[in-house]
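Trainee: Have a look; sequence and predicted model below, questions after that.
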Amino acid sequence: MSHRIAVLISGRGSNLQSIIDAIADHRLDATIAIVVSNRAAAAGLNRAKDAGIEAVHLAPASFADRDAYDAAIVDVLRARQVELVCLAGYMRLVGPALLQAFPDRILNIHPSLLPAFPGLDAQRQAYEHGVKISGATVHLVTGGLDDGPIVLQAAVPVNPDDTVEQLSARILVEEHRIYPEAIARVLAGGWRIDGRRFR
Ligand code: GRF
C-alpha cells in the first residue's frame, strides 16, 4: 500500500501541484490523504479538489490558541492515517502539538539555500544581499524557524540582470523538482539523523 501523506498549504499551491504530478507520473509512490489550508482563499485547495483529493480549510480564528489549532490538525491527520506531513507554502509556525505527533515526519520547502535567509521573502533577502548563488532547501521541521536537518538542496545562479521575480521563478523550478524527490527519499526509509545531518 502506498504511503499516506498530508500537504499543508496557505496559498497558491504550486508545490502541492508538483507533488500531485509526481504521484501521477509514478515518480513518487504516495497518496495525498488530505490537504489542509489555514486560509479559505488558498488556490491550492482548488488544485486538490481538481485532483480528487480531500481538502479542508481550518480557520485559526476558530480555535483558542495555536496549541488548540495544531491539535485539531493532528486529529484530522491521524483520522486519515497520515505518515508524513509536507508543508508547502504553509505560512504558520508549527507548534509542539504537531511536532510531537509527527517526530521527524514533517517536511518543509524553503526558497533559499538554508541556513542562509530563513524567514519570509527569502528570495528577496538573497537578491538584496547580493549573493551569486541561491536555491531551494527541503528540510525536516523542528521547533526553529526554517531549521532542521536538510534532506535535499538545489542551487541556481543569480544573474546580473535578474529581477527578484526572475530569480524566484528560477528557484521555483528547482523547488518543484526536489520536493517530490525529497519526499520519496524520506518515505523510502533507510536514513537516520546524525547530529544535524540527514544520512
Ligand atoms: C514557495 O516558494 C515555498 O518555498 C515557500 O512558499 C512558497 C509557496 O509556493 N515556503 P506555493 O504555494 O507552493 O506555490
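Mentor: Nice, thanks for sending it over. Residues are numbered from 1 along each chain as shown.
Trainee: For the residue in the chain that the ligand sits nearest to, give me phi and psi.
Mentor: Nearest residue of the chain to the ligand, counting by Cβ to the nearest ligand atom: Gly89, 2.6 Å away. C-beta coordinates here come from the backbone N, C-alpha and C atoms, glycine included. The phi/psi pair for Gly89 (degrees, to the nearest 10) reads phi 70, psi 30.
Trainee: check contacts around it.
Mentor: 9-16, 44, 109 (Cβ atoms under 8 Å, 6 or more residues apart in numbering).
Trainee: Inside helices: which ones of these?
Mentor: Per DSSP state H, helices hold the following members of these: 14-16, 44.
Trainee: all strands for this protein, in order.
Mentor: Listed in chain order, the strands found in the chain under DSSP state E are 3-9, 30-37, 55-57, 84-87, 106-110, 133-140, 150-157, 193-194, 197-198.
Trainee: mind giving me JSON lines with the ones you listed and columns for mean neighbour count?
Mentor: As requested, the strands of the chain are exported to JSON lines (neighbours: other Cβ atoms under 10 Å):
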{"stretch": "strand 3-9", "mean neighbour count": "24"}
{"stretch": "strand 30-37", "mean neighbour count": "22"}
{"stretch": "strand 55-57", "mean neighbour count": "16"}
{"stretch": "strand 84-87", "mean neighbour count": "24"}
{"stretch": "strand 106-110", "mean neighbour count": "24"}
{"stretch": "strand 133-140", "mean neighbour count": "23"}
{"stretch": "strand 150-157", "mean neighbour count": "17"}
{"stretch": "strand 193-194", "mean neighbour count": "10"}
{"stretch": "strand 197-198", "mean neighbour count": "14"}
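Trainee: Let's have those in a markdown table, adding mean pLDDT and distance to the ligand.
Mentor: Formatted as a markdown table, the strands of the chain follow (pLDDT from 0 to 100; distance: least, Cβ to the nearest ligand atom, whole Å):
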| stretch | mean pLDDT | distance to the ligand |
| --- | --- | --- |
| strand 3-9 | 98 | 6 |
| strand 30-37 | 98 | 10 |
| strand 55-57 | 98 | 14 |
| strand 84-87 | 98 | 7 |
| strand 106-110 | 98 | 4 |
| strand 133-140 | 98 | 6 |
| strand 150-157 | 98 | 12 |
| strand 193-194 | 96 | 22 |
| strand 197-198 | 98 | 18 |
